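1. Have a look at this prediction, sequence included:
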Amino acid sequence: MSNPNIVWWSIDSVRRDRCSQYGYSRSTTPNLSTAGEKQLGRSHGTWTLPSTISMHTLRDVKEHGMTEQGDHLTSDSETVAQRFQNAGYRTVCLAANPWVSRGSGLDIGFEEFYNIDEDRSLLREVGWKHAFKFATRVRSLGGGFTRDEVKHPTDWLMISLAKRWLDMDTSSDSPTFMYLHTKGVHKV
């Protein structure tokens, strides 16, 4: 394989002023701090839909105009996933946010699209082995023994699934572009 697999991980609701990498006093993001140089960036919107559409279309909110609930990206909009697909990549999206969905049009360009908030596919895709492992660690990975879904971020399961898929792809002739959108920080 000449081209590498690419994983684009978007962590919903990470605030710059709460990242130790950017001077926050508590060690909140130690792995992010070691990942690379400090890069200044900005959000294109004040919430997930316009920001994510901007990231995926490489267009400013003023250009794409998607700012309200119910807005939908048109099928003629070019996305980053389409660019990777045109370059010979297998394109996969694994999301846990209702705004990163088929309903918003963010599935455009992805051959495989899973939104666990939209289609409840996580358990089916993760498999019972990883679900059991999560259940045995529910006190440290989630909100303990509660039926309140908000207290059980699915990030660990999604990351386990992403790793498994990428491990399976090592024998493939075509590389993978994977977009992973987690929102565990949003729930805290």
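-> Thanks, I have the structure now.
2. and Gly109, what pLDDT?
-> For Gly109, the pLDDT comes out at 94.
3. With Asp17 instead?
-> 81.
4. I figured it hits Thr28, correct?
-> No. Counting by C-beta atoms under 8 Å, Asp17 does not reach Thr28; the two are 10.4 Å apart. C-beta: built from backbone N, CA, C; applies to glycine.
5. Using CSV, write out every CA atom in stretch 11-21.
-> The C-alpha trace of stretch 11-21 is given here as CSV (Å, rounded to 0.1, in the frame of the first residue of the first chain):
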residue,chain,number,x,y,z
ILE,A,11,-13.8,15.5,19.5
ASP,A,12,-17.0,17.4,19.9
SER,A,13,-17.0,20.3,22.3
VAL,A,14,-13.3,20.4,23.2
ARG,A,15,-12.7,23.9,24.4
ARG,A,16,-9.3,25.5,23.8
ASP,A,17,-9.4,27.2,27.2
ARG,A,18,-9.7,23.8,28.9
CYS,A,19,-6.8,22.1,27.2
SER,A,20,-3.6,21.9,29.1
GLN,A,21,-1.7,22.1,25.8
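6. Neighbours of Cys65, how many?
-> For the record, residue 65 is Gly, not Cys. Number of residues near Gly65 (other C-beta atoms under 10 Å) recorded here: 12.
7. And for Thr154?
-> Neighbours of Thr154 under the rule other C-beta under 10 Å: 23.
8. Excluding residues flanking it in the chain, which one is nearest it?
-> Nearest residue to Thr154, sequence neighbours excluded (C-beta to C-beta, 6 or more residues apart in numbering): Ala96, at 5.1 Å.
9. Was I right to think Leu106 contacts Ser54?
-> No. The pair Leu106 / Ser54 is not scored as a contact, 11.4 Å apart, by C-beta under 8 Å.
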